[in-house]
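Engineer: fold the following and give me the result.
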Amino acid sequence: MLRPAPSRMRRDADLYTLEAALVRRGLGPVAGADEAGRGACAGPLVVAAVSLPLSARFDELNDSKLLTEAARERVFALLRRSQAAISVVHYGPDEIDRRGIAVCNREGMRVAVARLPERPGYVLTDGFPVPGLPGSLGVVKGDRTAACVAAAGVVAKVTRDRLMCELDLEYPDYGFAIHKGYSTAMHEEALRRFGPCREHRRSYTNVAAHVDASVRV
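Structural biologist: Predicted coordinates:
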């Protein structure tokens, strides 16, 4: 459920402390940016930017990796129903292969932030700074430190997982709905047997090792 902010800081409110401090300094609204799929070898890179309502707290919001799939879906639904500003950008395997994952990741954060309906006064990014953003800070483990970054991580993860489940219907031999395009033993065995499909990132070493196999298009 979406609840109004309490009058006193709770012990579990640390996720909102950094944003509140920036807003008090006149740097609001604060947006967070995060991605999903950087480490996968198949499927898109999805980058999200989120700016949260100042008066709201979201039950269960946390680093998406610490949440169950059901919890992520609940948080995602709450964010969509709230007045949170949300922007999402996708980069497909061909573009990742052509330009590199790091370039797509940084550009994705800039584009996602630029597409928010209101220009943020400050941007928090997960892990590393991103040149070209309005005043910004790269926060180590930002999705466990700042609510807006955690929210962006949930949006990116849920969006990407849904896309991978759709790809699983198109390419049922690879198990995309299970491993979401990451390099698991199951995925590696499918690559060995069937070769890469058009959703695989051929610039990645483990995929390139199988390019001579029977390629699925």
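Engineer: A85 reaches E118, doesn't it?
Structural biologist: Yes: assessed by Cβ atoms under 8 Å, A85 is found in contact with E118 at 6.2 Å. From N, CA and C alone the C-beta is placed, and that goes for glycine too.
Engineer: neighbour count winner among those two?
Structural biologist: A85 (18 against 10; other Cβ atoms under 10 Å).
Engineer: excluding its backbone neighbours, what's nearest that one?
Structural biologist: S51 (4.3 Å; Cβ to Cβ, 6 or more residues apart in numbering).
Engineer: could you do F76 as well?
Structural biologist: Per Cβ to Cβ, 6+ apart, closest to F76 is V158, 4.3 Å.
Engineer: for that neighbour, helix, strand, or coil?
Structural biologist: Classification of V158 by DSSP: H, G, I helix; E, B strand; the rest coil places it in helix.
Engineer: least trustworthy helix or strand in the protein by mean pLDDT?
Structural biologist: Ranked by mean pLDDT, DSSP states H and E, the weakest helix or strand in the chain is strand 2-4, scoring a mean of 37.
Engineer: got the contact list for A112?
Structural biologist: Contact analysis of A112 by Cβ atoms under 8 Å, 6 or more residues apart in numbering lists 33, 47-49, 87-89.
Engineer: if we can go back for a sec, ok, the residue nearest to F76 touching A70?
Structural biologist: No: V158 lies out of contact with A70 (Cβ under 8 Å); the separation is 11.0 Å.
Engineer: what strand or helix carries L124?
Structural biologist: Using DSSP states H and E, L124 sits within strand 122-126.
Engineer: quick one: A85 from E69, how far?
Structural biologist: Applying Cβ to Cβ, to the nearest Å, the value for A85 to E69 is 25 Å.
Engineer: actually R81, not the one I typed
Structural biologist: 19 Å.
Engineer: which secondary structure state is assigned to the residue nearest to P53 when sequence neighbours are not counted?
Structural biologist: Excluding its sequence neighbours, the residue lying closest to P53 (Cβ to Cβ, 6+ apart) is Q83, at 4.6 Å. The assignment at Q83 comes out as coil when based on three-state DSSP.
Engineer: need the pLDDT of Q83.
Structural biologist: Per-residue pLDDT puts Q83 at 91.
Engineer: repeat for G135
Structural biologist: G135 carries a pLDDT value of 88.
Engineer: give me every residue that touches it.
Structural biologist: Shown in contact with G135 (Cβ under 8 Å, 6+ apart): 27, 121-123.
Engineer: now do E188
Structural biologist: Counted by Cβ under 8 Å, 6+ apart, E188 has contacts N206.
Engineer: over to the one 3 residues further on?
Structural biologist: When the contact criterion is Cβ under 8 Å, 6+ apart, the partners of L191 are 174, 200, 206-207, 209-210, 213.
Engineer: this completes my enquiry, with thanks.
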